[in-house]
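Asker: just a sequence and a predicted model for now, questions to come.
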Amino acid sequence: MEDSEVQYATVVFKNLPRTKKKEEVVYDEVKKPNQTSQQTFDTNGLLSDKDSERGYWYQKFACCFGSLCVILVMMIIGVSVYFVFQHRSDEQQLIQLRTNQTFLLEENINLTRDNNKLSSDFTIQVYNLTQQKQNLTEELSQVKKTNQELQTDKETLTRQIETMKKTWNEQKLRIRNEYCHRRNNERSSSCQNGWTPCQSSCYAVNNVRPPNGKTWTEAQEDCKQKSSHLAVVGSEEKKLFLDDTSWNADGITGYWIGLRAEGRRWKWINGSDLTHQAWMQQPATDGQCVTSLQNREWKSVRCTEKNAWICEKKALSV
């Protein structure tokens, strides 16, 4: 074994500035290479530079590749997170859609039930209306039939009224001729001129046209001046005669007779009560007096109105 030269190298290690310690000196043995070793060192040194450069590039490539891997992993994680959240959102939407579907199904069931009820009610309504229409049609037919019968009755009654009017006029004429002292178609001379005899009385018909009429009191005063009084009717025959002489002409609306309301009762001017209630059916109101007019029922009017009047007095004995 050949002796080799031993060389010493000094390596100084420095601590960080924050802690100042004494420098430590380490001594190690360094053998001086021989020539062959030096040549080999040089050759190995050249090869080491190339390997170092290649390793540098390998490191850069590895660093880039590592960065790409990291980026790829981050992207994968991000996509995974996105899809996880998207999946959760889809699940929530699906739950909401299922809830909406359940609600809509319930609404559909309710609407179907309501529709069935409405259809049933509508059918019942149509049936009822159809029945009502049929009933109304039958009633209308019955009313038309009744109307025709009433029309026939009306025509019959009209003919009867005309017959009764004719009979009534004939009866009035007969009464006048029978009870009003006709002798050879002339008036009895038991009454003064201007007075009309009937039975045992004479009547003066004062045909005074408006506005020259008199109140009931004024008419009674006029009759007194003629030694008479307003006409008093005691029989059906006298009433017919009086109505027939109350001519409805020249605007005359009524003739005063001796009947007025006293104490809510109809009384004649001679103090007697009205016995024939059918002659005067209006209520006896104080302040009201009665007028007569041809072809009209007796009428109650205010005693202060202006009307024509009929006076009555006893006929002279003959």
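Answerer: Cool, got the structure. This is a predicted model, so every value here is computed, not measured.

Asker: which elements pack onto the longest helix belonging to the chain?
Answerer: In the chain, ranked by residue count with DSSP state H as the criterion, the top helix is helix 35-179. With contacts defined as 3 or more CB pairs under 8 Å, 6 or more residues apart in numbering; DSSP states H and E, the packing partners of helix 35-179 are helix 236-245. Any C-beta I mention is one placed from the backbone N, CA and C, and that applies to glycine too.

Asker: next, the angle helix 35-179 makes with the helix it packs on.
Answerer: 110 degrees (axes from the mean of the first three to the mean of the last three CA atoms, to 10 degrees).

Asker: tell me where the model's unsure across the stretch 151-300 of the chain.
Answerer: Filtered on pLDDT under 70, the stretch 151-300 of the chain yields the residue ranges 169-189.

Asker: and with 80 instead?
Answerer: Applying pLDDT under 80 to the stretch 151-300 of the chain flags the ranges 165-190, 199, 245-250.

Asker: can you give me the helices for it?
Answerer: 216-225, 236-245 (DSSP state H, counting those that start in this stretch).

Asker: and stretch 78-87, which residues are buried?
Answerer: Using 16 or more other CB atoms under 10 Å as the test for burial, stretch 78-87 gives no buried residues.

Asker: for it, give the mean pLDDT please.
Answerer: For stretch 78-87, mean pLDDT is 82.

Asker: what residues does that stretch touch?
Answerer: The contact list for stretch 78-87, computed with CB atoms under 8 Å, 6 or more residues apart in numbering, is empty.

Asker: now that stretch - C-alpha only, CSV.
Answerer: Below are the C-alpha coordinates for stretch 78-87, written out as CSV (Å, rounded to 0.1, in the frame of the first residue of the first chain):
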residue,chain,number,x,y,z
GLY,A,78,-63.7,21.8,-7.6
VAL,A,79,-65.7,19.8,-10.2
SER,A,80,-66.5,17.2,-7.5
VAL,A,81,-67.6,19.9,-5.1
TYR,A,82,-69.7,21.6,-7.9
PHE,A,83,-71.4,18.3,-8.8
VAL,A,84,-72.0,17.6,-5.1
PHE,A,85,-73.7,21.0,-4.6
GLN,A,86,-75.5,20.6,-7.9
HIS,A,87,-76.7,17.2,-6.8
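
Asker: what's the closest non-adjacent residue to His282?
Answerer: Heads up, residue 282 is Gln, not His. Ser300 (4.2 Å; CB to CB, 6 or more residues apart in numbering).

Asker: and that neighbour, what does it touch?
Answerer: Counted by CB under 8 Å, 6+ apart, Ser300 has contacts 261, 280, 282-285, 288-290.

Asker: quick one, which of the residues you listed are buried?
Answerer: 261, 280, 284, 288-290.

Asker: out of the contacts of Ser300, which is nearest to Lys154?
Answerer: Gln282 (27.8 Å; CB to CB).

Asker: the helices of the stretch 151-300 of the chain: which one's closest to Leu316?
Answerer: Per CB to CB, nearest to Leu316 of the helices of the stretch 151-300 of the chain: helix 216-225, 17.3 Å.

Asker: show me what the closest one is packed against.
Answerer: By 3+ CB pairs under 8 Å, 6+ apart, helix 216-225 packs against strand 201-206, strand 229-230, strand 255-262, strand 308-314.

Asker: and these, which is most packed in?
Answerer: Mean neighbour counts were compared across the helices and strands packed on helix 216-225 using mean count of other CB atoms under 10 Å; the top stretch is strand 255-262, at a mean of 24.

Asker: okay, the angle between that one and helix 216-225?
Answerer: Using the same axes, to 10 degrees: strand 255-262 against helix 216-225 is 120 degrees.

Asker: between strand 255-262 and strand 201-206, how many degrees?
Answerer: Going by the same axes, to 10 degrees, strand 255-262 makes 110 degrees with strand 201-206.

Asker: against which helices or strands is strand 255-262 packed?
Answerer: So strand 255-262, by 3+ CB pairs under 8 Å, 6+ apart, packs with helix 216-225, strand 229-230, strand 265-268, strand 288-293, strand 296-302, strand 308-314.

Asker: now do Phe85 against Val79, distance only.
Answerer: To Val79, Phe85 is 11 Å away according to CB to CB, to the nearest Å.

Asker: let me redo that: Thr152
Answerer: 104 Å.

Asker: now Ser227. Its backbone dihedrals?
Answerer: phi 60, psi 40 (degrees, to the nearest 10).

Asker: let me see the contact set for it.
Answerer: So Ser227 contacts Lys313 (CB under 8 Å, 6+ apart).

Asker: check contacts around the residue positioned nearest the centre of the chain.
Answerer: Residue closest to the average C-alpha location in the chain (CA atoms, centre = their mean): Gln125, at 21.1 Å. Listed by CB under 8 Å, 6+ apart, Gln125 has no contact partners.

Asker: Pro210 too?
Answerer: Pro210 neighbours (CB under 8 Å, 6+ apart): 251-253, 306.
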